[in-house]
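**Q** how would this look folded up:
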Amino acid sequence: MLHTKDGGKSWLRVPVSPKLPGEPISITALGPDSAEMTTSSGAVYITDNGGRNWKAQVKETIDSTLNRTISSGVSGASYFTGSIIGVIRDLTGKYLAISSRGNFFLTWQPGQEFWIPRARETSRRIQGMGFIQGDSKKGIWMSTRGGGLGFTESNVDFDSVNGFEFTNSPIKTG
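**A** The predicted structure follows:
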(Lines give C-alpha, C1' and ligand atoms only; values in the text may rest on other atoms or scores of the structure.)
Protein backbone atom coordinates (compact mmCIF):
# COMPACT_ATOMS: atom_id res chain seq x y z
CA MET A 1 0.00 0.00 0.00
CA LEU A 2 1.24 3.50 -0.82
CA HIS A 3 0.52 6.89 0.79
CA THR A 4 1.06 10.42 -0.53
CA LYS A 5 0.88 13.79 1.22
CA ASP A 6 1.69 15.95 -1.80
CA GLY A 7 -0.95 15.03 -4.36
CA GLY A 8 1.04 12.15 -5.84
CA LYS A 9 4.43 13.82 -6.39
CA SER A 10 6.03 11.39 -3.94
CA TRP A 11 4.83 8.18 -2.33
CA LEU A 12 5.65 6.32 0.87
CA ARG A 13 5.19 2.58 1.33
CA VAL A 14 2.79 1.70 4.16
CA PRO A 15 3.42 -1.82 5.48
CA VAL A 16 0.39 -4.11 5.67
CA SER A 17 0.38 -6.82 8.30
CA PRO A 18 0.52 -10.40 6.98
CA LYS A 19 -2.03 -11.19 9.73
CA LEU A 20 -4.62 -9.03 7.96
CA PRO A 21 -7.72 -11.14 7.26
CA GLY A 22 -8.06 -11.27 3.48
CA GLU A 23 -6.50 -9.01 0.88
CA PRO A 24 -7.05 -5.23 0.84
CA ILE A 25 -9.64 -4.50 -1.87
CA SER A 26 -10.62 -0.88 -1.30
CA ILE A 27 -9.11 2.12 0.40
CA THR A 28 -11.03 5.38 0.74
CA ALA A 29 -9.22 8.59 1.70
CA LEU A 30 -11.27 10.40 4.34
CA GLY A 31 -8.95 13.35 4.93
CA PRO A 32 -5.31 14.16 5.71
CA ASP A 33 -3.73 11.02 7.18
CA SER A 34 -7.21 9.44 7.50
CA ALA A 35 -8.48 6.48 5.46
CA GLU A 36 -10.77 3.47 5.55
CA MET A 37 -9.76 0.05 4.19
CA THR A 38 -11.81 -3.07 3.45
CA THR A 39 -10.54 -6.57 2.76
CA SER A 40 -11.80 -9.55 0.77
CA SER A 41 -12.84 -11.14 4.10
CA GLY A 42 -15.02 -8.19 5.05
CA ALA A 43 -12.70 -6.58 7.56
CA VAL A 44 -13.08 -2.79 7.78
CA TYR A 45 -10.25 -0.72 9.25
CA ILE A 46 -9.73 3.00 9.79
CA THR A 47 -6.54 4.99 10.31
CA ASP A 48 -6.01 8.57 11.41
CA ASN A 49 -2.21 8.60 11.31
CA GLY A 50 -1.33 7.92 7.70
CA GLY A 51 -1.59 4.14 7.96
CA ARG A 52 0.85 3.57 10.83
CA ASN A 53 -1.97 2.10 12.93
CA TRP A 54 -5.33 0.66 11.84
CA LYS A 55 -8.36 0.11 14.07
CA ALA A 56 -10.88 -2.63 13.28
CA GLN A 57 -14.44 -1.39 12.76
CA VAL A 58 -16.11 -4.83 12.71
CA LYS A 59 -15.63 -7.52 15.36
CA GLU A 60 -15.22 -10.45 12.97
CA THR A 61 -14.84 -11.33 9.32
CA ILE A 62 -17.84 -12.19 7.19
CA ASP A 63 -17.15 -15.93 7.19
CA SER A 64 -16.96 -15.91 11.00
CA THR A 65 -20.24 -14.02 11.22
CA LEU A 66 -21.98 -16.39 8.82
CA ASN A 67 -20.59 -19.54 10.40
CA ARG A 68 -21.57 -18.27 13.86
CA THR A 69 -25.11 -17.63 12.74
CA ILE A 70 -25.74 -20.96 11.06
CA SER A 71 -29.48 -20.36 10.99
CA SER A 72 -29.11 -16.91 9.46
CA GLY A 73 -31.89 -17.70 7.01
CA VAL A 74 -29.67 -16.72 4.10
CA SER A 75 -29.56 -19.46 1.50
CA GLY A 76 -25.97 -20.39 0.71
CA ALA A 77 -24.54 -18.45 3.63
CA SER A 78 -24.10 -21.21 6.23
CA TYR A 79 -20.58 -22.68 6.45
CA PHE A 80 -19.33 -19.94 4.17
CA THR A 81 -15.73 -20.29 3.10
CA GLY A 82 -15.22 -17.76 0.39
CA SER A 83 -14.65 -14.14 -0.20
CA ILE A 84 -16.63 -11.11 -1.20
CA ILE A 85 -16.61 -9.14 -4.40
CA GLY A 86 -17.96 -5.81 -5.37
CA VAL A 87 -17.49 -3.99 -2.07
CA ILE A 88 -19.15 -0.63 -2.54
CA ARG A 89 -19.09 2.34 -0.15
CA ASP A 90 -21.60 5.18 -0.18
CA LEU A 91 -20.92 8.81 0.73
CA THR A 92 -21.67 8.22 4.44
CA GLY A 93 -19.59 5.04 4.92
CA LYS A 94 -22.33 2.43 4.41
CA TYR A 95 -21.20 -0.69 2.55
CA LEU A 96 -22.63 -3.35 0.27
CA ALA A 97 -20.72 -6.57 -0.40
CA ILE A 98 -21.60 -9.45 -2.72
CA SER A 99 -20.59 -13.03 -1.94
CA SER A 100 -18.10 -14.38 -4.47
CA ARG A 101 -20.74 -16.84 -5.76
CA GLY A 102 -23.42 -14.13 -6.02
CA ASN A 103 -25.88 -16.10 -3.89
CA PHE A 104 -26.37 -13.41 -1.21
CA PHE A 105 -25.17 -9.95 -0.25
CA LEU A 106 -24.24 -8.19 2.98
CA THR A 107 -24.53 -4.70 4.43
CA TRP A 108 -22.58 -2.77 7.05
CA GLN A 109 -22.62 0.78 8.34
CA PRO A 110 -20.46 2.63 10.87
CA GLY A 111 -21.42 1.71 14.41
CA GLN A 112 -22.54 -1.84 13.59
CA GLU A 113 -20.38 -4.59 15.07
CA PHE A 114 -21.05 -7.13 12.31
CA TRP A 115 -22.03 -7.36 8.66
CA ILE A 116 -25.70 -8.24 8.12
CA PRO A 117 -26.25 -11.06 5.59
CA ARG A 118 -29.16 -10.55 3.20
CA ALA A 119 -30.81 -13.07 0.89
CA ARG A 120 -31.36 -12.22 -2.74
CA GLU A 121 -35.04 -12.20 -3.70
CA THR A 122 -34.54 -13.96 -7.02
CA SER A 123 -33.17 -17.28 -8.22
CA ARG A 124 -30.69 -15.39 -10.41
CA ARG A 125 -27.24 -14.81 -8.95
CA ILE A 126 -26.11 -11.29 -8.18
CA GLN A 127 -23.70 -9.78 -10.69
CA GLY A 128 -23.33 -6.28 -9.28
CA MET A 129 -24.81 -3.81 -6.81
CA GLY A 130 -24.44 -0.17 -5.98
CA PHE A 131 -25.91 2.91 -4.40
CA ILE A 132 -28.00 5.17 -6.63
CA GLN A 133 -25.82 8.22 -7.30
CA GLY A 134 -23.42 6.93 -4.60
CA ASP A 135 -25.97 7.64 -1.85
CA SER A 136 -27.84 4.98 0.15
CA LYS A 137 -30.57 7.53 0.89
CA LYS A 138 -31.47 7.46 -2.82
CA GLY A 139 -31.70 3.65 -2.94
CA ILE A 140 -29.78 0.60 -4.09
CA TRP A 141 -29.62 -1.11 -7.49
CA MET A 142 -28.87 -4.80 -8.15
CA SER A 143 -28.07 -6.53 -11.44
CA THR A 144 -28.47 -10.28 -11.75
CA ARG A 145 -27.44 -12.94 -14.26
CA GLY A 146 -29.61 -13.04 -17.32
CA GLY A 147 -30.03 -9.28 -17.48
CA GLY A 148 -32.13 -8.66 -14.39
CA LEU A 149 -32.09 -5.19 -12.89
CA GLY A 150 -33.84 -4.10 -9.69
CA PHE A 151 -34.06 -1.01 -7.50
CA THR A 152 -35.05 -0.39 -3.89
CA GLU A 153 -37.01 2.57 -2.63
CA SER A 154 -35.03 5.42 -1.10
CA ASN A 155 -33.85 5.40 2.54
CA VAL A 156 -33.15 1.67 2.91
CA ASP A 157 -32.97 0.65 6.58
CA PHE A 158 -29.47 -0.74 7.21
CA ASP A 159 -30.33 -1.43 10.87
CA SER A 160 -33.16 -3.82 10.01
CA VAL A 161 -32.45 -7.53 9.59
CA ASN A 162 -35.37 -7.78 7.16
CA GLY A 163 -34.64 -8.18 3.47
CA PHE A 164 -34.56 -5.29 1.04
CA GLU A 165 -37.40 -5.22 -1.48
CA PHE A 166 -36.17 -4.75 -5.04
CA THR A 167 -38.56 -3.73 -7.81
CA ASN A 168 -37.61 -5.27 -11.13
CA SER A 169 -37.10 -2.89 -13.98
CA PRO A 170 -38.09 -4.23 -17.41
CA ILE A 171 -35.26 -4.09 -19.90
CA LYS A 172 -36.33 -3.97 -23.53
CA THR A 173 -33.96 -4.88 -26.30
CA GLY A 174 -34.07 -4.87 -30.07
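**Q** which secondary element of the chain has the worst mean pLDDT?
**A** For the chain, using mean pLDDT, DSSP states H and E, the weakest element among its helices and strands is helix 62-68, scoring a mean of 75.
**Q** so in that sheet, which strands flank the helix or strand just after that one, and in what orientation?
**A** Per DSSP states H and E, the first helix or strand lying C-terminal to helix 62-68 is strand 84-89. Note on strand 84-89: by DSSP bridges, its sheet partners are strand 95-99 (antiparallel).
**Q** can you list contacts of whichever helix or strand comes after the partner strand?
**A** The helix or strand immediately downstream of strand 95-99 is strand 104-108, counting by DSSP H and E. If you take Cβ atoms under 8 Å, 6 or more residues apart in numbering as the criterion, strand 104-108 is touched by 42, 44, 58, 62, 74-77, 84, 94-99, 114-120, 126, 129, 142, 158. In short, each C-beta sits where N, CA and C put it, glycine included.
**Q** ok, of those residues, which come out buried?
**A** 42, 44, 58, 62, 74, 76-77, 84, 94-99, 114-120, 126, 129, 142, 158 (16 or more other Cβ atoms under 10 Å).
**Q** contact partners of the host helix or strand of G128?
**A** Per DSSP H and E: G128 is located in strand 126-131. Applying Cβ under 8 Å, 6+ apart, the contact partners of strand 126-131 are 86, 88, 90-91, 94, 96, 98-99, 102-105, 120, 138-145.
**Q** can we see that at 6 Å?
**A** Identification of contacts with strand 126-131 by Cβ atoms under 6 Å, 6 or more residues apart in numbering yields 86, 88, 90, 96, 98, 102, 105, 120, 140-145.
**Q** go on, stretch 87-103?
**A** With contact meaning Cβ under 6 Å, 6+ apart, stretch 87-103 is reached by 25-26, 28, 38, 76, 82-86, 105-110, 125-126, 129-131, 134-136, 158.
**Q** redo that, cut-off 7 Å
**A** Here stretch 87-103 makes contact (Cβ atoms under 7 Å, 6 or more residues apart in numbering) with 25-26, 28, 38, 42, 75-76, 82-86, 105-110, 115, 120, 125-127, 129-131, 134-136, 140, 158.
**Q** over to stretch 35-44?
**A** 20-30, 45-47, 51, 54, 56-58, 61-63, 83-84, 87, 95, 97, 108, 115.
**Q** are any of these buried, and if so which?
**A** Neighbour-count burial (16+ other Cβ under 10 Å) is assigned, among these, to 21-22, 25, 27, 45-47, 51, 54, 57-58, 61-63, 83-84, 87, 95, 97, 108, 115.
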